[in-house]
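S.K.: Can you look at this prediction? I've put the sequence above it.
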Amino acid sequence: MSLIGSLVTFLVGLLVGGLAIFIAAGVVTGTRDYGHAVFTALFGALVWGLSALLLSWIPLVGDFIPLVAWIWLIKRRYGSSWLHGAIIGFIAWASAVLVLAVLPFAGVTDAVGVPFVR
């Protein structure tokens, strides 16, 4: 894939991840700011990636800590509790799965900023 194709795929995946977090945050906290959700998805991807890179070598814990870091970021960005952060994360994941069930027809197969969605 070319650099332009990779960039377009990343941007569309980021917008899908942002949409999933936007939907989830709207349901849980009533927040209606798509730009905030997209930046949360971008920061979430960075936090997930860095924590997975640094801690993936630790058995069991190495796979769990990136998820906790991602939920912490959502909790922090939306000023919510751990429970609400986890609920936003779960709804975002489920929303991304549903959106990505349709998007492969358009060539999109990934949601940036929402873990376990491919």
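M.R.: Received the coordinates, thanks.

S.K.: how many other residues sit next to Gly35?
M.R.: If you count neighbours by other C-beta atoms under 10 Å, Gly35 ends up with 9. Every residue, glycine included, has its C-beta placed from N, CA and C.

S.K.: which other residues reach the helix or strand harbouring it?
M.R.: Using DSSP states H and E, Gly35 sits within helix 34-55. Helix 34-55 is contacted by residues 14-15, 17-22, 25, 61-62, 65-67, 69-70, 72-74, 77-78, 111-115 when judged by C-beta atoms under 8 Å, 6 or more residues apart in numbering.

S.K.: Swap in 6 Å and give it another go.
M.R.: Applying C-beta atoms under 6 Å, 6 or more residues apart in numbering, the external contacts of helix 34-55 come out as 14, 17-18, 21-22, 62, 65-66, 69-70, 73, 77, 112-113, 115.

S.K.: Sitting in helices, which of those residues do you find?
M.R.: Among the contacts of helix 34-55, the residues falling in helices (DSSP state H) are Leu14, Gly17, Gly18, Ile21, Phe22, Gly62, Ile65, Pro66, Ala69, Trp70, Leu73, Arg77.

S.K.: Brilliant, that's me finished.
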